[in-house]
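Enquirer: Build me a model:
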Amino acid sequence: MENLLNGTAYENYAIENKILDKNSDFIEKKKGTSKFSFAFIYENEIYGVWFDYTEGKIYVSNDYNKNTPYLFSFTLKDHTPNTLMISSIRNYNNWKNFVENFKMGNVYFENQKIKHITNNLLKMVLSLK
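Expert: Next up, the predicted model:
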């Protein structure tokens, strides 16, 4: 079976954890005018969500405010004291704004890995409604 994967894009994805999608749409570094809003944790990695009202864009980044009171977890494994389970997003307007802006094409990601993970997590969020 391993020989069937050798040299394929799927081998890079399955074995080396590289992202298949090389589409650069929505890949952009956040600007200095961005303001931190909230963070989420998934598989022990934390991602910050930054709103840039000057650019009219929202960015998802590895950068986040380490003192944020708004850290959302997607899994029980990531849920620790002072994190909010993702099911509580209905009580937080910035999540609603984030999801609505995603639907409108206003959310950008600093790299392919963040884009891939966030897109998969947003599928979960959209199914909560």
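
Enquirer: Buried ones in stretch 96-114, by neighbour count?
Expert: 98-99, 101-102, 106-110, 112, 114 (16 or more other CB atoms under 10 Å). In this view, the C-beta of every residue, glycine as well, is placed from N, C-alpha and C.

Enquirer: farthest-separated two in those?
Expert: Farthest pair in the buried residues of stretch 96-114 (CB to CB) is 99 and 112. Separation: 21.0 Å.

Enquirer: coming back round to it: now, among the buried residues of stretch 96-114, which is nearest to residue 127?
Expert: Once CB to CB is applied, the member of the buried residues of stretch 96-114 that ends up nearest residue 127 is residue 99, at 11.7 Å.

Enquirer: and the nearest residue to the closest one once chain neighbours are set aside, how many neighbours?
Expert: Of all residues not flanking residue 99 in the chain, residue 125 sits nearest, at 6.2 Å (CB to CB, 6 or more residues apart in numbering). Residue 125 has 19 neighbouring residues, counting by other CB atoms under 10 Å.

Enquirer: Output the contacting helices and strands for the helix or strand harbouring residue 125.
Expert: Per DSSP states H and E: residue 125 is located in helix 112-127. Judged by 3 or more CB pairs under 8 Å, 6 or more residues apart in numbering; DSSP states H and E, helix 112-127 is in contact with strand 35-42, strand 45-52, strand 57-61, helix 93-103, strand 107-109.
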